[in-house]
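> Got a sequence here, can you model it:
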Amino acid sequence: MKPNGRRQFLGKALLGTLGLPLLSEPAQALVSKLNPADPAAAAVGYVEDATKVDVSKFPTYKRGQSCANCTLLRPQYIGPYRPCKLFPKNVISVKGWCNAWVKNPQL
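Numbering: from 1, shown residues only. The predicted structure follows:
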């Protein structure tokens, strides 16, 4: 490799390395929060606060259940809002709940 080519390569590699944090931001920075009024969210009874679940409508809800301990929550992210496998275009509150809740066996 020519000396000039090596310098260009190293310069581009350095710029690329500096830009990696921008590309690795969690999904919540790139998508919007799920609105509980959204038809898909309403269909499964999604609420942003599990303590506000209407148990007369959703009798399967048990105290202690939340998106934070659901297997549908994407575990590779952190923060109060995270991606959910059920709603791939939005992020959901870890304090929330929906009728699709399934206990995460790893928790």
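
> all helices of the chain, in order?
In the chain, the segments counted as helices under DSSP state H are 3-23, 39-43.

> Between these, pick out the one with the smallest average pLDDT, please.
If the helices of the chain are sorted by mean pLDDT, helix 3-23 sits at the bottom with a mean of 53.

> Could you double-check that residue 55 sits in contact with residue 61?
Yes: here residue 55 reaches residue 61: they are 5.6 Å apart, a contact under CB atoms under 8 Å. To be clear about C-beta, it is placed using only N, CA and C from the backbone, and glycine gets the same treatment.

> If you count surrounding residues, which of those two has more?
Of the pair residue 55 and residue 61, residue 61 is the one with more neighbours under other CB atoms under 10 Å, namely 18 against 10.

> How about the more buried one: what's its closest non-neighbour residue?
Spatial nearest neighbour of residue 61, excluding adjacent residues (CB to CB, 6 or more residues apart in numbering): residue 53 at 4.5 Å.

> What is the neighbour count of the one you found?
Using other CB under 10 Å, residue 53 has 24 neighbouring residues.

> any idea how far residue 42 is from it?
Look at residue 53 and residue 42: by CB to CB, to the nearest Å, they are 13 Å apart.

> burial measure for residue 62, as a count.
Close neighbours of residue 62, defined as other CB under 10 Å, add up to 12.

> now it: how far from residue 32?
Distance from residue 62 to residue 32, by CB to CB: 29 Å.
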